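**Q** what follows is a predicted protein model with its sequence.
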Amino acid sequence: MSFRDSRVVAWEKKLQDVFNEIDAQMEEQYGDRYPLHPSRPPSGSTANPSADGLFDLGAAFSAGFGSVHGRGYIISIRVATLARVPADVMEKIEQEVLEQLQEKLPQAFPCRDLRIERDGHSFKIVGDLSFA
């Protein structure tokens, strides 16, 4: 039994749908460049795109204690491989994910001021996080 507000669940589902779209695009672009982690199933073989393929994209809520930007969703960009991904390639991947996210957030959440900000070593979605 969950005690989470249904509006929060719906909001986070919509956000995960955005990440799933980006995941599919990144898999298409980079999916064959690095071998999958041995415990990772091929892209599209599970019901959850973050559980298969080369990419695990998503965001987790942070109350923002100690953060300049306050509460928001910390963005996670993980490449599921044991191979070494060069720093410049990882930066390019991160930049592409962030650019797509910046483009898709207003479509998924119209009439909201959502921004992506650097928060320490991470990126965070901040702004109008209301569930109305």
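**A** All right, it came through fine.
**Q** only C-alpha atoms for contact and neighbour calcs from this point on.
**A** Noted.
**Q** quick one: His8 and Ser130, what's the gap?
**A** No His there; residue 8 is Val. To Ser130, Val8 is 9 Å away according to CA to CA, to the nearest Å.
**Q** those two - which one has more neighbours?
**A** Remark: of Val8 and Ser130, Val8 carries more neighbours, 14 against 9, as counted by other CA atoms under 10 Å.
**Q** quick one: the helices in this structure?
**A** Taking DSSP state H as the criterion, the chain carries its helices at 6-30, 87-108.
**Q** output those helices as JSON lines; include the columns mean pLDDT and distance to Pro42.
**A** What follows is the helices of the chain, written out as JSON lines (pLDDT from 0 to 100; distance: least, CA to CA, whole Å):
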{"stretch": "helix 6-30", "mean pLDDT": "94", "distance to Pro42": "10"}
{"stretch": "helix 87-108", "mean pLDDT": "97", "distance to Pro42": "19"}
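**Q** could you export those as CSV, including distance to Gly64?
**A** Below are the helices of the chain laid out as CSV (distance: least, CA to CA, whole Å):
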stretch, distance to Gly64
helix 6-30, 17
helix 87-108, 20
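**Q** just those: most buried one?
**A** By mean neighbour count, with neighbours taken as mean count of other CA atoms under 10 Å, helix 6-30 ranks first of the helices of the chain at a mean of 16.
**Q** how far does that one sit from its chain's centre?
**A** Relative to the centre of its chain, helix 6-30 is centred 7 Å away, using CA atoms, centre = their mean, to the nearest Å.
**Q** and the angle for that helix with helix 87-108?
**A** Angle, helix 6-30 to helix 87-108, by axes from the mean of the first three to the mean of the last three CA atoms, to 10 degrees: 140 degrees.
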